[in-house]
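Enquirer: Model the structure of this input:
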Amino acid sequence: MFGRQKPQKCRIAPGIRGFCISGMIIAAMAATSHASSLDEQIERLNADITRHTASVHALEQKLLHPVNTRVAVFLSLANRQALELDSVELFVNEQPVTAHLYTEKERSSLGQGGVHQLFIGNLADGRHTLKAVINARAANNRFVRREIVHDFRKQPGTLRLQMTLNAKAPDYEPEVSFVEWK
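Expert: So this is what the prediction gives:
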């Protein structure tokens, strides 16, 4: 027991040893091919999920926000040097729908002729009231706050309203005009 150990011979017969080694190699190869088929299945599932997510989103938009009830309101500046816009609040039928505080980058964009999308929503056909509260600084360094009310009739289909702000010298009083896009 505590003495010198006798060397032990391999108990597996040489023919069986080769068979076991080849079996292990085959098992390893099968595992790698199985792993690659799993990767392919995962990629197919991801593609299916992406496709289904897109179709669910499109269906959700169609059901919750039908195109024939859609209303969009845009804002632009006619005289880019006359007003420096601070904020806009928008109400539809006396209900607040959006409020936006302008950053310096957005003011610059509007000053270069940009158009800001203020609101996209859904309204039933018929008569509606749009109220906008505008806070700005005029070119004569005076702060102005104006409330503008615009009545419009929503008909079937998408309605796009553009509010254009203008202020003329010398008093720089803000004026707003509304245009319906077709």
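Enquirer: Only C-alpha atoms from now on, for both contacts and neighbour counts.
Expert: OK.
Enquirer: and the gap between the residue nearest the centre of the chain and residue 178?
Expert: By CA atoms, centre = their mean, the chain has its centre lying nearest to residue 57, at 11.9 Å. The gap separating residue 57 from residue 178 is 32 Å, by CA to CA, to the nearest Å.
Enquirer: To what extent is residue 113 buried, counted in neighbours?
Expert: Using other CA atoms under 10 Å, residue 113 is surrounded by 13 other residues.
Enquirer: no, scratch that, I was asking about residue 134
Expert: So residue 134, with other CA under 10 Å, has 21 neighbours.
Enquirer: Just grab the bridge partners of it for me.
Expert: Residue 134 has these beta-bridge partners by DSSP bridges: residue 88, residue 146.
Enquirer: What's the separation between it and residue 38?
Expert: For residue 134, the distance to residue 38 equals 59 Å [CA to CA].
Enquirer: do residue 70 as well
Expert: Distance, residue 70 to residue 38, using CA to CA: 45 Å.
Enquirer: Pick out whichever of those two has more residues nearby.
Expert: Neighbours were counted for residue 70 and for residue 38 using other CA under 10 Å; residue 70 has more, 19 against 12.
Enquirer: Tell me who's in contact with that one.
Expert: Counting by CA atoms under 8 Å, 6 or more residues apart in numbering, residue 70 makes contact with 120-123, 157-159.
Enquirer: among those residues, which two are most distant?
Expert: 120 and 157 (13.5 Å; CA to CA).
Enquirer: Per-residue pLDDT of residue 130, please?
Expert: In this prediction, residue 130 carries a pLDDT score of 95.
Enquirer: Could you shift the numbering so residue one becomes 51, and keep it that way?
Expert: Happy to do that; since the first residue is 51 now, the last one works out to residue 180.
Enquirer: The one helix or strand it maps to packs against which elements?
Expert: Here residue 180, judged by DSSP states H and E, is contained in strand 176-188. Where contact means 3 or more CA pairs under 8 Å, 6 or more residues apart in numbering; DSSP states H and E, strand 176-188 is packed against strand 133-142, strand 193-204.
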